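Asks: missing the sequence, but the structure's below:
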């Protein structure tokens with residue numbers, strides 16, 4: 001790009017060498033002169049909040065200006081669209097907070113668990129975590145932006161924060177406080193600050209009508225936040241994290257409930273019991289990743305036996321079935337699982353496993369799980385359904401006849417792009433024992449801390465999935481009517497060929513969809529131009545994601561094979577998050593309309 005940018009401080013009191021975050025309390029005005037091919041196209045002042053700058057000195061100013069200029073990029077073939085004119089809502093702001101300090105673009109803010117920081121130069125940005133830490137700074141910047149304040153500060157507790165405020169009050173000065181406030185605040189004011197106030201809460205008794213709570217079946221959202229930690233004697237509201245490798249045994253010859261975390265751990269057991277209840281399974285198992293879970297299922301198949309699998313499945317699954325499983329003497333047959341006759345034609349006496357996705361990834365085709373399960377069982381085969389795109393909230397394949405359900409818990413179960421995990425929910429005790437043996441023998445059980453992260457995330461899964469699906473439906477409808485979009489793949493649209501079948505076995509269409517533009521150049525432009533959709537693999541996060549599957553999640557599949565299966569290079573996959581849907585639609589519309597010289601085929 002033929003850009004030239006000149007930047008100078010406009011605030012008279014500002015010196016480039018100043019530490020802006022510490023020394024500037026008011027917004028900083030930066031004068032920008034932006035030229036394109038030596039022609040002046042913008043000149044003006046840019047106010048930068050001191051709280052939003054995260055580096056020191058001149059570099060701090062340059063980074064902030066660069067970010068602002070990039071948001072208004074202009075090239076030969078793109079028409080400038082003022083996406084910035086739309087104020088992001090709170091929901092959009094919260095999932096697009098950014099890290100600032102992270103050079104690698106991690107979707108989850110890096111955890112800087114350190115007490116002190118090595119100094120590479122005099123007066124580094126961070127010295128001691130008590131004074132400042134990149135992880136804490138990331139949170140404080142988000143909160144400051146959310147509150148539209150100059151600064152925000154995070155404390156060890158709410159009472160610690162309130163105590164800091166009371167320390168602003170000197171001897172002989174007064175505090176005026178409410179008489180109906182939190183008890184901890186009352187205690188601080190009454191006994192620490194020596195402010196006399198006494199509040200008694202009103203109480204009501206003997207006014208309850210007896211209700212048969214047990215008669216009501218808890219909904220998914222109720223079930224998810226009422227996790228039963230049977231091993232916890234103290235009733236902690238958050239499941240305790242048993243971060244231990246081994247357990248002390250009662251004697252040399254007696255075995256306790258747990259001996260080694262590879263074989264079992266209380267934190268993992270809590271998550272597995274919840275998932276089994278959610279899926280109405282006999283047992284559930286948590287693995288180090290979705291691929292580790294699928295690998296365990298593949299190990300159920302012996303040499304000389306066959307796997308029947310879809311031809312439109314996740315790229316990692318395709319890689320496992322194409323390059324790893326055949327080495328064990330297993331024949332893998334690939335079919336269009338949305339064609340029931342085609343599936344029935346290849347299932348035979350040697351078939352040990354039928355491997356399904358519905359909807360498929362990334363073309364969102366629908367398989368008849370009930371009928372395929374009946375055909376498979378008639379031939380003595382097991383049925384596995386990768387239900388990652390749907391989540392347990394929207395679909396329960398075990399109730400449709402499947403034997404094993406797999407979830408990449410990285411996606412909707414955890415929901416925040418901060419953990420790698422996989423789940424198998426199983427019907428039948430003998431099959432469960434076989435899979436547990438494989439999990440323990442291979443050592444692929446999920447670590448306690450990762451289980452704890454999943455337990456924390458799963459509590460909001462029902463709410464997240466509902467909001468994401470609501471957003472996705474509106475986005476799919478918008479895209480289907482857009483003149484620059486050729487086709488939209490989403491079961492929630494009336495024209496989807498598998499819509500009726502899908503809604504007979506699921507409660508909704510989910511929040512993953514794909515669309516084609518007819519032009520790789522246009523699709524690439526859309527992916528790279530959106531502001532609120534991050535270019536990354538994966539789906540199911542609170543943050544909206546976008547990708548070109550042929551170049552990312554499905555890149556390991558040869559191009560000739562992809563083409564034969566109908567997976568075109570211009571296909572764009574998006575995973576819709578919980579942002580304000582109006583922000584997301586405006587973002588996509590801007591990206592689609594901002595290229596005037598690219599035409600689809």
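Replies: That came through, no problem. Model, not experiment: these values are computed from the prediction. Numbering: from 1, shown residues only.
Asks: ok, and what's touching stretch 219-232?
Replies: 218, 236, 239-240, 257, 266, 269-270, 273-274, 277-278, 392-393, 455, 458-463 (Cβ atoms under 8 Å, 6 or more residues apart in numbering). (Each C-beta comes from the backbone N, C-alpha and C, glycine too.)
Asks: quick check on residue 339: phi, psi?
Replies: Main-chain torsions, residue 339, degrees, to the nearest 10: phi -100, psi 100.
Asks: from residue 105, how far out is it?
Replies: 40 Å (Cβ to Cβ, to the nearest Å).
Asks: buried ones among the contacts of stretch 219-232?
Replies: Among the contacts of stretch 219-232, those classed as buried by 16 or more other Cβ atoms under 10 Å are 239-240, 266, 269-270, 273-274, 277-278, 392-393, 455, 458-462.
Asks: restricted to helices, list those residues.
Replies: In this view, these that belong to helices under DSSP state H are 266, 269-270, 273-274, 277-278, 392-393, 455, 458, 461-462.
Asks: what's the most distant pair in the residues you listed?
Replies: Spatially, the most separated pair among those is 266 and 393, at 25.7 Å (Cβ to Cβ).
Asks: what are the contacting residues of stretch 470-479?
Replies: Contacts for stretch 470-479 (Cβ under 8 Å, 6+ apart): 485, 488, 490, 492-493, 509-513, 515, 574, 576-579, 581, 584-585, 588-589.
Asks: which of residue 339 and residue 105 has more neighbours?
Replies: The neighbour count for residue 339 versus residue 105, taken as other Cβ atoms under 10 Å, is higher for residue 339 (13 against 10).
Asks: quick test: name the residue nearest the centre of this protein.
Replies: Nearest to the geometric centre of the chain sits residue 541, at 2.1 Å (Cα atoms, centre = their mean).
Asks: can you confirm it is in a strand?
Replies: No - using DSSP: H, G, I helix; E, B strand; the rest coil, the secondary structure at residue 541 is coil, not a strand.
Asks: not counting sequence-adjacent ones, nearest residue to it?
Replies: residue 417 (4.4 Å; Cβ to Cβ, 6 or more residues apart in numbering).
Asks: for residue 370, same thing?
Replies: residue 400 (5.0 Å).
Asks: and stretch 335-355, how far apart are its ends?
Replies: Its start and end residues considered, stretch 335-355 measures 10 Å (Cα to Cα, to the nearest Å).
Asks: then stretch 234-241?
Replies: Per Cα to Cα, stretch 234-241 runs 13 Å from first to last residue.
Asks: just the strands in the stretch 251-400 of the chain please.
Replies: For the stretch 251-400 of the chain, the strands defined by DSSP state E, counting those that start in this stretch occupy 283-287, 306-310, 331-335, 351-357, 382-386.
Asks: the residue nearest to residue 370: neighbour count?
Replies: 20.
Asks: and the one 3 residues further on, by the same measure?
Replies: Applying other Cβ under 10 Å, we find 24 other residues in the vicinity of residue 403.
Asks: how close does the closest residue in space to it that isn't next to it in sequence get to residue 231?
Replies: Nearest non-adjacent residue to residue 403, counting by Cβ to Cβ, 6+ apart: residue 382, 4.6 Å away. According to Cβ to Cβ, residue 382 stands 32 Å off from residue 231.
Asks: can you list the domains in this structure?
Replies: 3-74, 266-459, 462-593 (automatic domain parsing).
Asks: for residue 87, which of those domains is the nearest?
Replies: domain 462-593 (8.8 Å).
Asks: pull the distance from that closest one to the chain's centre.
Replies: The chain centre lies 16 Å from the centre of domain 462-593; the measure is Cα atoms, centre = their mean, to the nearest Å.
Asks: okay, how far is it across that domain, tip to tip?
Replies: So domain 462-593: terminal residues 34 Å apart, Cα to Cα.
Asks: again, but for stretch 111-125
Replies: Start-to-end, stretch 111-125 (Cα to Cα) is 17 Å.
Asks: let's verify residue 416: helix, strand, or coil?
Replies: Going by three-state DSSP: residue 416 is coil.
Asks: what about it, neighbour count?
Replies: 18.
Asks: look up how far residue 498 lies from it.
Replies: On the measure of Cβ to Cβ, residue 416 and residue 498 end up 30 Å apart.
Asks: for residue 560, same thing?
Replies: 26 Å.
Asks: and these two? Which one has more around it.
Replies: More crowded of residue 560 and residue 498, by other Cβ under 10 Å: residue 498, with 18 against 8.
Asks: wait, isn't the more buried one in contact with residue 491?
Replies: Yes - using Cβ atoms under 8 Å, residue 498 is in contact with residue 491, at 6.2 Å.
Asks: please enumerate the shared neighbours of those two.
Replies: Residues touching both residue 498 and residue 491 (Cβ under 8 Å, 6+ apart): 359, 366.
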